[in-house]
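1. heads up, no residue letters with this:
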Ligand code: NDP
């Protein structure tokens with residue numbers, strides 16, 4: 001029985017070592033060297049090959065090595081194939097660090113001070129206490145809830161929005177399209193931590209920005225497809241939004257002419273909020289394989305209907 005790995009080849013070497021050391025009963029193969037495809041029961045991948053059903057006829061599960069699965073075309077995968085995402089604790093740790101940095105940067109006007117330094121200006125701006133800064137989290141899943149816990153420790157006034165109703169101590173929770181306007185009007189800093197699905201694509205658009213308070217800021221840590229980039233530019237340039245920190249973009253990297261590169265009120269990072277680390281991810285992946293072998297449900301299994 002074999003596992004086929006189809007992701008970053010350099011990290012593949014570490015995955016191979018880990019399998020040899022801790023799961024010698026599972027033969028590790030690395031794309032494109034599939035060997036006899038009939039042996040392959042598990043695919044650990046960032047992106048899946050198109051003709052999966054014919055290519056790997058005995059595939060039992062697709063184990064994504066990322067927290068999001070929007071890069072997979074779920075509609076073209078065999079309908080009964082279980083698909084799981086990666087619940088690697090190091091991803092959540094990275095997301096918490098990044099969100100903390102980004103929220104504090106916006107809270108403490110660091111985009112403004114960066115520009116002032118470049119212009120050699122020494123102007124101070126009034127400090128807002130954390131308890132008066134309202135931080136709203138879109139998406140109260142694995143990442144959103146961990147980030148809420150982290151930000152609670154810093155004293156921010158927190159709210160959250162998800163598809164279904166949640167009860168989280170210290171977080172005012174809103175659910176569904178109906179409660180979105182009420183949620184948005186109380187967000188000085190909005191963090192997007194949604195999965196990219198047909199329902200959430202383009203959700204960060206002009207209509208949404210209008211519902212945020214004057215001077216609000218945006219952090220997008222979800223996917224580039226959530227953001228209508230032209231609408232963000234318009235909202236920043238009109239002065240309605242104060243700033244944006246973006247870890248993800250429609251096209252990564254953005255083209256050289258992209259207006260965000262030099263925008264004074266945008267900070268971009270190259271999709272580095274979190275990364276899968278083979279050492280911590282391996283234990284999660286192996287646990288899922290063992291679960292599958294015992295006939296137990298997978299952790300992080302994707303609902304093929306909702307797409308996340
Ligand atoms: P989860 O599946 O655990 O949580 C998703 C959350 O989004 C849930 O609370 C869910 O609601 C909510 N949601 C989904 N669809 C909708 C909708 N239509 N309307 C309102 N709420 C919705 O995902 P994670 O927290 O693990 O990850 C979220 C995303 O973060 C990933 O999909 C990925 O895109 C991104 N990510 C980015 C990384 C980076 O490096 N920048 C790294 C890791 C993740 P409900 O609770 O009701 O189901």
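-> Thanks, I have the structure now. Predicted, not measured: the structure shown is a model, and the values here were computed from it. Residues are numbered from 1 along each chain as shown.
2. burial count for the residue of the chain found nearest the ligand?
-> The ligand sits closest to residue 141 of the chain, with a gap of 1.7 Å, by Cβ to the nearest ligand atom. All C-beta spots, glycine's among them, are computed from the backbone N, C-alpha and C. Using other Cβ atoms under 10 Å, residue 141 is surrounded by 16 other residues.
3. likewise residue 210?
-> Residue 210: 12 neighbours (other Cβ under 10 Å).
4. and what about it, helix, strand or coil?
-> Under DSSP: H, G, I helix; E, B strand; the rest coil, residue 210 falls in the helix class.
5. name all residues that make contact with it.
-> Neighbour list for residue 210: 235, 240 [criterion: Cβ atoms under 8 Å, 6 or more residues apart in numbering].
6. how about the residues of the stretch 201-308 of the chain near the ligand?
-> Within the stretch 201-308 of the chain, the residues that sit near the ligand (Cβ under 6 Å from any ligand atom) are 221, 222, 223, 247, 248, 271, 273, 274, 308.
7. check the average confidence over stretch 163-171, would you?
-> In this model, stretch 163-171 has an average pLDDT of 98.
8. hang on, the earlier thing: dihedrals phi and psi, the residue of the chain closest to the ligand?
-> In terms of degrees, to the nearest 10, the main-chain angles of residue 141 are phi -90, psi -150.
9. what does the one 4 residues further on give?
-> Its backbone dihedrals place residue 145 at phi -70, psi -40, with angles given as degrees, to the nearest 10.
10. I figured it was touching residue 170, is that so?
-> No. Residue 145 is not in contact with residue 170 according to Cβ atoms under 8 Å; the separation is 11.4 Å.
11. the longest helix seen in the chain packs against which elements?
-> In terms of residue count, the longest helix belonging to the chain (DSSP state H) is helix 89-107. Counting by 3 or more Cβ pairs under 8 Å, 6 or more residues apart in numbering; DSSP states H and E, the packing neighbours recorded for helix 89-107 are helix 142-152, strand 189-192, strand 216-220, strand 241-246, helix 278-293.
12. again, 6 Å this time
-> Judged by 3 or more Cβ pairs under 6 Å, 6 or more residues apart in numbering; DSSP states H and E, helix 89-107 is in contact with helix 142-152.
13. buried sites along the helix it packs on?
-> If you call a residue buried by 16 or more other Cβ atoms under 10 Å, then helix 142-152 has these buried ones: 142, 143, 144, 145, 146, 147, 148, 150, 151, 152.
14. can I get those residues in TSV including pLDDT?
-> TSV is the format used below for the buried residues of helix 142-152 (pLDDT from 0 to 100):
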residue	pLDDT
142	97
143	98
144	98
145	98
146	98
147	98
148	98
150	97
151	98
152	97
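15. how about the residues of the stretch 51-200 of the chain by the ligand?
-> Contact residues, the stretch 51-200 of the chain versus the ligand (Cβ under 6 Å from any ligand atom): 67-68, 91, 95, 139-144, 162-164, 193-197, 199-200.
16. hmm, try it at 8 Å
-> Contact residues, the stretch 51-200 of the chain versus the ligand (Cβ under 8 Å from any ligand atom): 66-70, 85, 87, 91-92, 94-95, 98, 138-145, 161-166, 175-177, 180, 193-197, 199-200.
17. select only the buried ones of those residues in ChimeraX?
-> The buried residues among these can be selected in ChimeraX (16+ other Cβ under 10 Å) with this line:
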select :66,67,68,69,70,85,87,91,92,94,95,98,138,139,140,141,142,143,144,145,161,162,163,166,175,180,193,194,195,196,197,200
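18. in helices, which of the residues of the stretch 51-200 of the chain next to the ligand fall?
-> Judged by DSSP H, those include 91, 92, 94, 95, 98, 142, 143, 144, 145, 176, 177, 180 as members of helices.
19. model confidence for residue 33, exactly?
-> Here the pLDDT value assigned to residue 33 is 96.
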